[in-house]
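Enquirer: Requesting a structural model of the entry that follows:
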Amino acid sequence: CLHILQVLNTNINVQWKIAFAVTAINGVGRRYAHVVLKKAGIDLTKRAGELTEDEVEHVITIMQNPRHQVLASGLDNKLREDLERLKKIRAHRGLRHFWGLRVRGQHTKTTGCRGCIQEELSL
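Expert: Numbering: from 1, shown residues only. The predicted model follows:
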């Protein structure tokens, strides 16, 4: 397979697995790629060069109008489930979400102070 797969004006490496190869397209991350490929019914272990023309067309149509394919609500639910799981297992990130604090290691001494949290601390 030495040919190049062209999807949405982006060259895709045909030797990569399809789930990772699709992320070369602007605006497509790993999570979105997985959701689109599952919706299209494509095996995630396939290489990009092994896809048929019909499968490629199906992936393109789903990516071009995701609202029509009801993908957005699925992504939102997945994100919510991830946060709930983190809270349930009492992970550090989950607790920070639960308390409404910064999650990604930012300093919180001076910035991001909100009225309700300040009042609770002074009681």
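Enquirer: ranges for the helices of the chain?
Expert: Assigned by DSSP state H, the chain shows helices spanning 18-21, 30-40, 53-64, 72-88, 92-99, 115-122.
Enquirer: which strands and helices sit next to the shortest one?
Expert: What it means is helix 18-21. Helix 18-21 sits against helix 30-40, with contacts defined as 3 or more C-beta pairs under 8 Å, 6 or more residues apart in numbering; DSSP states H and E. Every residue, glycine included, has its C-beta placed from N, CA and C.
Enquirer: what about stretch 36-56, how long is it end to end?
Expert: Start to finish, the residues bounding stretch 36-56 are 11 Å apart (C-alpha to C-alpha, to the nearest Å).
Enquirer: Counting neighbours, which bits of it end up buried?
Expert: Of the residues in stretch 36-56, those buried by neighbour count under the rule 16 or more other C-beta atoms under 10 Å are 36, 37, 39, 40, 42, 48, 49, 51, 55, 56.
Enquirer: What lies in contact with it?
Expert: Stretch 36-56 is contacted from outside by 1, 3, 5, 7, 12-19, 21-22, 28, 34, 58-59, 62-63, 66, 69, 71, using C-beta atoms under 8 Å, 6 or more residues apart in numbering.
Enquirer: Would you list the buried entries among the residues you listed?
Expert: With neighbours counted using 16+ other C-beta under 10 Å, the contacts of stretch 36-56 contain these buried positions: 5, 7, 12, 14, 16, 18-19, 21-22, 28, 58-59, 62-63, 66, 69, 71.
Enquirer: domains in this protein, as residue ranges please.
Expert: The chain resolves into domains spanning 5-64, 70-106 when parsed by the TED database.
Enquirer: Show me the one of these that comes nearest residue 112.
Expert: Residue 112 lies closest to domain 70-106 among the domains of the chain, at 6.1 Å (C-beta to C-beta).
Enquirer: Buried residues, that closest one. List them.
Expert: The neighbour-count criterion (16+ other C-beta under 10 Å) identifies 71, 86, 94, 96, 97 as the buried residues of domain 70-106.
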